[in-house]
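> Next input, structure requested:
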Amino acid sequence: MNLWNRYASLVSSRRSWWLLVVLAIGAMGLIGAIGENESAGEAPKSLPDGSQSAQIAQSLAQFPDAGSAAAVIVFTRADGSTLTEADRAAARAAVARAGATAPDSVRLAPAPDGAAVVGTVTVPAQLSGFALTDEIDRIRTSTVSGLPAGMDAQVTGGPAFGADIADSFSGANAALLAVTAAVVAILLIATYRSPVLWLLPLLIVGVADRVATSVGTGLAAVTDLSFDGSTSGITSVLVFGAGTNYALLLVSRYRDELYRRPDHRQALRLACRRAGPAILASNLTVVFALLTLLLASVPSTRSLGVSAAAGLLVVVVFVLFGLPAALAACGRKVFWPFVPHVDGPDRIESGIWHTIATRVIERRIIVATSAIASLVVCAAGLFTVDVGLSQTEQFRVQAESVAGFETLAQHYPAGTADPVVVVAESAAATRVDQVLVESPGVQRVNRTGTSDSGITRWDVVIDSAPASQRAFDQIALMREGLAEVPDAQAMVGGSDAEALDTRDAAQRDRAVIIPLILVVVLLILVVVLRAIPAALVLVAVTVLSAFAALGIGSWVSIHLFGFPAIDTNVPLFAFLFLVALGVDYSIFLVVRAREETPANGTTHAVVRAVSSTGTVITSAGLVLAAVFCVLGVLPLITLTQLGIVVGLGILLDTFIVRTIIIPALFATIGDRIWWPSRPMEGR
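Alright, predicted model coming up:
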C-alpha cells in the first residue's frame, strides 16, 4: 500500500474523527501561545536593503535628535485669506500646546504668500503602529482645540503618514475577514445547494486562517521579517481562497464517487486518493512560487512570501486531514437535500460542460486562435499605464496627512515640505556644499547639524513635485556628483530618494523573480504530469493569461477607478498569484485528463476532464476572484489594485484558459502532449 492509499484509508476510517480533535487542540494551542500579530497596523516596509536611503538611517542615528521625528502642522484660513498677527499668535500657542513647550520657544515658518504658517512638534521616533496613531491624534486634538473660528490646522509629515496608515488599518483586517467569510459562505451555499455542507469547509478554512495568522506572528518573532497589515490581509485572502478551492475539489470528487458506491467511506477513500495528489501538487506549486520572494530586495515582499507560504501549508493540512474526517463523520446525508445516490449513469457524458467541451474540440483551431488573440489584445493594455505611486497617492481613503501635504504644496515652493536629506563626512563639507548648490533644480541648501562622530547633515530643497520623474532625475544627478567628492562618503535620502530606491528595487525584483517563478512552476508541472509538452503548454498559456490580466486590470484600475498609476509592487505580486493560482486549475484539469486518457484517448479524455471538472473549477474560480476583490476593503490603493488585477485574471483563467484554450491545444497536439510518458498505452 503506497503513501496516498495509507492517507486515504486514514482520513476515511471510522476512527478518523480523532484527526479533528488533534487539529482543534493544535489550533487552540498555537493561537493561545502566540496570539495575534501586534504589527498589523504598521505600514509595509518597502525600503530596499542596501540602498542609500536605507543606509542613511544609520548615519542619522548619530545626531542628537535621532530619537525624535517631526510632525509638521500647517495653519491656514478656510477662505484662503492672509493670516493676521492674531492668527500667527494662535498658531504659535497651538504648536506650544501640542508640543508641551512655551509659546516663546516655538518657531513658525511663514509662507511666501502670507496665507499659511508651519510649525513642528517632535514625536518619539520609536513609536509605530497604533501607538503612533494615538500620539498624532493627541497632537491634532491639542492643536485645533483653541484655534479662532475659520482657522484650520492640518498635521502632516512622516509621523502623520505612518499614523494615518495604522489608523486606516484599525479594524480593517477584521472587516476583511468578515467580508471574506461572508463571500465564501454565499458562494459555497450556491455551489452545494445545501444548508449544512457549506459549514464544514468554511469552519475548517476559517480555523486554518487563524492558525496561519499565529504562525506568521511566530515567524516574525524569530526572524527579521515584519508582517504588517497588508501582509496579513493578503495572507488571509490566499488562505481562504486556496483553502476553499481545495475543499471544492475534494468534495466534488467525493460526490462523484457517491454516485458510484453505496459505502460513503469507500467513496471518500477513493476521492481522497485521487484528489489528494492534485491538491498537494497545486499547493506546493504556489508555496514554492511564493518562497521565490525571499530573493526580493524589498523587505515587505520577502515577508509576504514567507507569511503566505506558511499560511498555505497550514490550510492544506487542515483541508487534507480535517475536511475528510468531518465528511466521514457526517456521512452521505451532509449533501441534503440533494443527496447523491448510486444510479448507474455516467454523468460525465452529459451536461452543459460536456456540450461546451465537445464544441470547443470540434472547432479547436479557430477557437484556440481567437481566444489567444483576445488575450494578446488585453495584454496590450500594459503599454498604456504608468507604474509608481507617490507617498500621497497610497491611500484610497481620506487622510489628513495627505491633505496637509497638499496644503503645503499650495503655499510653499515645491520640495519645501519634504526636503532631500544628505549626510557626509564633515571634512568634506565645503566641497559637498558646492556640489549641492550646483546640482540642477536645487533651490536651497541648509546645514542642519554635525554629529560627534564627524558627520554633517544637510536639508536640500529641490524644485520638483514629490516622487515625480524630475525629482528622481535630480536625486540621481545629486548622487552622481557627490560620489565624485573624495572621502565624503555622502549619501542622499529623504522621501524622494526612498521612492526612487523602492522603484528601482521593484524593477530588479521583477527581472529576477518572475523568470524564477516560471522555472519553479515548470519543474513542478513536469514532476506532477511527467509530460514535458503538457507542462510547457500550461506555463505558456498561463503566462499569456497573466499578462492579459495585468493589461486589462491596469487599464480598469486607472481609467475606470481613477487611480493615478499602478503601484510598483502590483505587477510582481499579481504575476505571482496569477501564474501560481492559475496553474492550480490547470493541474486539476490535466490530472483528470491524464486519468481518463488510458480508457478514452487524449481527445475524448480532455472532453471528459472538462465535463467532470467544469463545475468545480468554475465555482473555485468565482470564489477565488471574489475573495481577491474583497482586498478592496483594505485602505491602500496597492491592495485594491491587486484585487482588481488578480480577480480579473482568475476569471480569464476560469472561462477562457481552462474552458477553451487548454482543451483546444491538448486536442490539437493529441497523444504527443504526454511525452515522454505514455498513458494512452493502457487503452
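> mind listing the helices for the stretch 101-250 of the chain?
Assigned by DSSP state H, counting those that start in this stretch, the stretch 101-250 of the chain shows helices spanning 129-144, 158-168, 172-192, 199-222, 229-258.
> would CSV of those helices with distance to Ala111, mean pLDDT and mean neighbour count be doable?
Backbone N, C-alpha and C define where each C-beta goes, glycine included. Output for the helices of the stretch 101-250 of the chain, formatted as CSV (distance: least, CB to CB, whole Å; pLDDT from 0 to 100; neighbours: other CB atoms under 10 Å):
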stretch, distance to Ala111, mean pLDDT, mean neighbour count
helix 129-144, 18, 87, 19
helix 158-168, 19, 78, 25
helix 172-192, 35, 78, 18
helix 199-222, 43, 86, 21
helix 229-258, 35, 85, 26
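> Quick check: which of the ones you listed is nearest to Pro277?
Of all those, helix 229-258 sits nearest to Pro277, with 11.2 Å by CB to CB.
> Output the helices of the stretch 101-250 of the chain as TSV; include the columns distance to Asp653.
TSV is the format used below for the helices of the stretch 101-250 of the chain (distance: least, CB to CB, whole Å):
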stretch	distance to Asp653
helix 129-144	37
helix 158-168	31
helix 172-192	17
helix 199-222	21
helix 229-258	12
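> Which among those helices is found nearest to Met28?
Of those, nearest to Met28 by CB to CB is helix 199-222, at 9.3 Å.
> does Ala626 sit in a helix or strand, and which one?
helix 602-629 (DSSP states H and E).
> Next secondary structure element downstream of that helix?
Sequence-wise, the next helix or strand downstream of helix 602-629 (DSSP H and E) is helix 637-652.
> For that next one, C-alpha coordinates in PDB please.
Extracted in PDB, the C-alpha atoms of helix 637-652 (Å, rounded to 0.1, in the frame of the first residue of the first chain):
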ATOM      1  CA  ILE A 637      -4.600  51.600  -3.300                       C
ATOM      2  CA  THR A 638      -2.000  48.900  -3.800                       C
ATOM      3  CA  LEU A 639      -4.200  46.200  -2.300                       C
ATOM      4  CA  THR A 640      -7.300  47.400  -4.200                       C
ATOM      5  CA  GLN A 641      -5.400  47.300  -7.500                       C
ATOM      6  CA  LEU A 642      -4.000  43.800  -6.700                       C
ATOM      7  CA  GLY A 643      -7.600  42.600  -6.100                       C
ATOM      8  CA  ILE A 644      -8.800  44.100  -9.400                       C
ATOM      9  CA  VAL A 645      -5.900  42.600 -11.500                       C
ATOM     10  CA  VAL A 646      -5.900  39.100  -9.800                       C
ATOM     11  CA  GLY A 647      -9.700  38.900  -9.700                       C
ATOM     12  CA  LEU A 648     -10.000  39.700 -13.500                       C
ATOM     13  CA  GLY A 649      -7.100  37.300 -14.200                       C
ATOM     14  CA  ILE A 650      -8.700  34.400 -12.400                       C
ATOM     15  CA  LEU A 651     -11.900  34.900 -14.400                       C
ATOM     16  CA  LEU A 652      -9.900  34.800 -17.600                       C
END
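> list the helices and strands that helix packs on?
Packing contacts for helix 637-652, counted by 3 or more CB pairs under 8 Å, 6 or more residues apart in numbering; DSSP states H and E, involve helix 229-258, helix 532-555, helix 570-600, helix 602-629.
> Return the list of helices and strands in contact with the next helix or strand after the first one.
Pointing back at helix 229-258 there. Next helix or strand after helix 229-258 toward the C-terminus (DSSP H and E): helix 264-291. Applying 3+ CB pairs under 8 Å, 6+ apart, we find helix 264-291 packed against helix 3-12, helix 229-258, helix 299-317, helix 323-330, helix 495-529, helix 570-600.
> Could you export the ones you listed as JSON lines, including distance to Thr638?
Output for these, formatted as JSON lines (distance: least, CB to CB, whole Å):
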{"stretch": "helix 3-12", "distance to Thr638": "39"}
{"stretch": "helix 229-258", "distance to Thr638": "7"}
{"stretch": "helix 299-317", "distance to Thr638": "10"}
{"stretch": "helix 323-330", "distance to Thr638": "33"}
{"stretch": "helix 495-529", "distance to Thr638": "11"}
{"stretch": "helix 570-600", "distance to Thr638": "6"}
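> what residue lies at the spatial centre of the protein?
Ile234 (4.8 Å; CA atoms, centre = their mean).
> Minimum distance to Ser51: which of the helices of the stretch 101-250 of the chain has it?
helix 158-168 (17.2 Å).
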